[in-house]
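Predicted coordinates and the sequence they were generated for:
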Amino acid sequence: MPGETILLLGVNHKNTPLEVREKLALSSGYEEPLQALGKIDGLREYYLLSTCNRVEILVSASDGDAVEKELAGFLFGDALSPDQFEKYLYCHRNEEAIHHLFMVAASLDSMIVGESQILGQLKEAYRWSADKKCTGPILNKLLHKAFSVAKRVRSETRIGSSAVSISYAAIELAKKIFGSLDNKKVLLIGAGEMAELAAEHLVGNGAKDVVVANRTLQRALDLAKRYNGRAVGLDELFEQLEQVDIIVSSTGAPGIILHKEEVKPLMRNRRNKPLFFIDIAVPRDLDPALNDLDNVYLYDIDDLHNVVEMNKAERDKEAVKASRIVDEEALKFKGWLAGLAITPTVTALREKGNEICRMELERTLPRLKNLSAKERKSVEKMAGAIVSRLLHDPVIFLKSDNCKDQSELKVDIFRSVFDLEKKE
Amino acid sequence: MLSEINYLLFNSVLVVSFVATAVYLVFFFSQKEKLRTVARMILLGSGILQTLYILSRYLIAGYTPITSQHEAATFFAWSVTWAYLSFHWRYSVRNFGTFVSVLALIMLLVAASVSREFQPLAPALQSLWLPIHAGVSVMAYGFLALAFCGGIMYLLQERELKSKKFGFFFTRLPSLDALDQLNSHCLTAGFTLLTLGIVTGSIWARQAWGTYWHWDPKETWSLITWFLYAIQLHQRVTVGWRGKKAALMSIVAFCSVLFTLWGVTYLLGGVHSYAR
């Protein structure tokens, strides 16, 4: 039979709860599962992706239906019975499988649409499969295409360009104020979990000094130690404000702990270097009027939420654009695949033509005794030309677009018409 | 022959600058990186054509072409363009080119709208000091114009950050820090050249008219401009004036530059108003 079935089975964060995903057999590395997959009959090429949000198997097989059952069983192992996992599992074939893979690669199927991590995970998974020689011409081409689709989406849309979490929003704002965070000093007022998370992100983006000011010094010391920073008491706050650039405030204080009038005189000592206040405490720690001071920028938790919401809306708009790119590329790939499916038929047809040509020449030429070497050549050439011109139009018809829609059927008819032997 | 080339050169300068500005604007909206490279190359082409145009005018007239309104405006555009191109060689500021190319185009349109006639050089101007004094002054204006563009960009960006409503400019404009540094660099270069321009001018005045300074309106306004920039620089060095105040000051002081260049000639007259 011509062509192959591309099959994609998997579960993801959208319809499968974490408890179920945890139980799947494939959560431990790639090596063993790939070996196990290799033992399943009928798989020509296979590839496996396993991340915390999804597990997917992508295969190219000759008999889709039989393989589908095997793979589902493989995926869930003994954890769930077929009736149980039916509602979690999705199974895509051919165009749908291609489309789904491209959507995943372009991060349109991710929990946070547009995050770029998934592409790296995809590449790593592919490296495993390719190293173990599990992939062949079709999956190689398909996965490389998926990478390039992801790249195209990234460069032609702004889907990954805006921050969609509070911490990232704060980083993005800080970068718009300071250019880069390298060597910027951070002051944490309050040493809670939120402060820790913010510090983590700031340090990860290049911030250098971390100073922690807290009511209980012990907690401040603990947190400061983790970033090679210093701990100070709350009474040293103003002194520190002259030195630092970014302040994250998250105390449990019932009222405002820092007023505009207290910060204003500090600006002169700071030589007006910008100050970026991030107030993530509820109720707020910092005087909202701080934002009115020159070179002082204050964002509270609601402001950051608004930034995130705005970015999400923007991202949704960009996602529409990105989906269009994915549709387009999936269609192109389908075309390539259809072309691939007819290649053996075209080859068989040409071989048959050449064979007839050769046989007829062998029969005729011995009877033409008076031919010079040159004339002999001409006759051979003519016979070859008749065959190839006769086959030209059928081949064009086979390759034409109107054929691709029902490629399999037409290829079958074509093979019967020309009586080409069944392949394989 | 030469005057035809001259005529063609100015028109091609106009066209090329217009195209550069258009491509920069399209880039500003679409943010396609390829376009920026294209726009920069076109702007470079425009800069070269402007240089050729000024050279051809020099060959025809036989003196540095900086005395008529047309010539002054062309020279201004030239200095803005080359100040940007030379600046870009060392610092890259996101989307700065768009603002600069618009300003240069406006200067060229001003140049196109006034008479392009060659006027005989007034006797007082026939001196080696003409290219030195006028050239240095106009180059100073080029850098001060960059500070002006940077100031506008700063105000736009700062407004979005302060109001916490992020619209069109937020992603397209660089960080406040980058814009503030831009202001500081351009100001330093521009102010140094401006000082040189005034010093060379007063030496020339001593030779031509016998006194270093005689409160001609243009001289007075140059001094006002100089003080505006001097204050700003002084404040930056001593108390760290920066950000919004510095940006506003750059804009106000640049308006004073424009008034010195054109307003004085038309409104106040004086010995500097040779050509109208």
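It's in.

Quick one: the strands in chain A, in order.
Assigned by DSSP state E, chain A shows strands spanning A:5-12, A:43-50, A:54-61, A:90-93, A:185-189, A:209-214, A:230-233, A:246-249, A:275-279, A:296-300.

Put together a markdown table for those strands, with distance to chain B, mean neighbour count and mean pLDDT on each row.
C-betas here are computed from N, CA, C, even on glycine. Below are the strands of chain A laid out as a markdown table (distance: least, Cβ to the nearest Cβ, whole Å; neighbours: other Cβ atoms under 10 Å in any protein chain shown; pLDDT from 0 to 100):
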| stretch | distance to chain B | mean neighbour count | mean pLDDT |
| --- | --- | --- | --- |
| strand A:5-12 | 31 | 22 | 88 |
| strand A:43-50 | 31 | 22 | 88 |
| strand A:54-61 | 30 | 24 | 88 |
| strand A:90-93 | 33 | 16 | 89 |
| strand A:185-189 | 15 | 25 | 92 |
| strand A:209-214 | 18 | 23 | 90 |
| strand A:230-233 | 25 | 17 | 89 |
| strand A:246-249 | 13 | 26 | 92 |
| strand A:275-279 | 10 | 26 | 92 |
| strand A:296-300 | 6 | 23 | 92 |
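
so what pLDDT did residue 97 get?
Just so you know, I chose chain A. You'll see residue A:97 listed with a pLDDT of 91.

that answer is for a different chain, and I need it for chain B
pLDDT for residue B:97: 91.

Tell me if I'm right that it and residue B:36 touch.
Yes. Counting by Cβ atoms under 8 Å, residue B:36 is a contact partner of residue B:97 at 7.3 Å.

list the residues that contact both of these two?
The contact sets of residue B:97 and residue B:36 overlap at residue B:24 (Cβ atoms under 8 Å, 6 or more residues apart in numbering or on different chains).

for stretch A:61-70, which positions count as buried?
Buried residues in stretch A:61-70, counted by 16 or more other Cβ atoms under 10 Å in any protein chain shown: A:61, A:64, A:67, A:68, A:70.

which one in these is the model shakiest on?
Lowest in pLDDT among the buried residues of stretch A:61-70 is residue A:64, which has 74.

Now do the same contact list for it.
Neighbour list for residue A:64: A:5, A:7, A:93 [criterion: Cβ under 8 Å, 6+ apart].

Residue A:212 too?
Listed by Cβ under 8 Å, 6+ apart, the contact set of residue A:212 reads A:187, A:188, A:191, A:195, A:220, A:221, A:223, A:224, A:229, A:230, A:231, A:232.

Next, find the distance separating the last one from residue A:136.
By that I understand residue A:232. Distance of residue A:232 to residue A:136, computed by Cβ to Cβ, to the nearest Å: 62 Å.

do the same with the second one
As judged by Cβ to Cβ, residue A:188 and residue A:136 stand 54 Å apart.

Equivalent analysis for the fourth one, please.
Residue A:195 is 52 Å from residue A:136, where distance means Cβ to Cβ.

Show me which of those two is the more surrounded one.
residue A:195 (23 against 14; other Cβ atoms under 10 Å in any protein chain shown).

you'd agree the more buried one is up against residue A:188?
Yes. Under the criterion of Cβ under 8 Å, residue A:195 makes contact with residue A:188 at 4.5 Å.

Need the overlap of contacts for these two.
Contacts common to residue A:195 and residue A:188, judged by Cβ under 8 Å, 6+ apart, are A:212, A:223, A:248, A:250.

For these, give me JSON lines that also has distance to residue B:72.
JSON lines is the format used below for the shared contacts of residue A:195 and residue A:188 (distance: Cβ to Cβ, whole Å):
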{"residue": "A:212", "distance to residue B:72": "60"}
{"residue": "A:223", "distance to residue B:72": "63"}
{"residue": "A:248", "distance to residue B:72": "53"}
{"residue": "A:250", "distance to residue B:72": "59"}
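
can you pull the pLDDT of the residue in the stretch 151-276 of chain B that chain A sits nearest to?
Among the residues of the stretch 151-276 of chain B, residue B:240 lies nearest to chain A; the distance is 2.9 Å by Cβ to the nearest Cβ. If you check residue B:240, the pLDDT there is 84.
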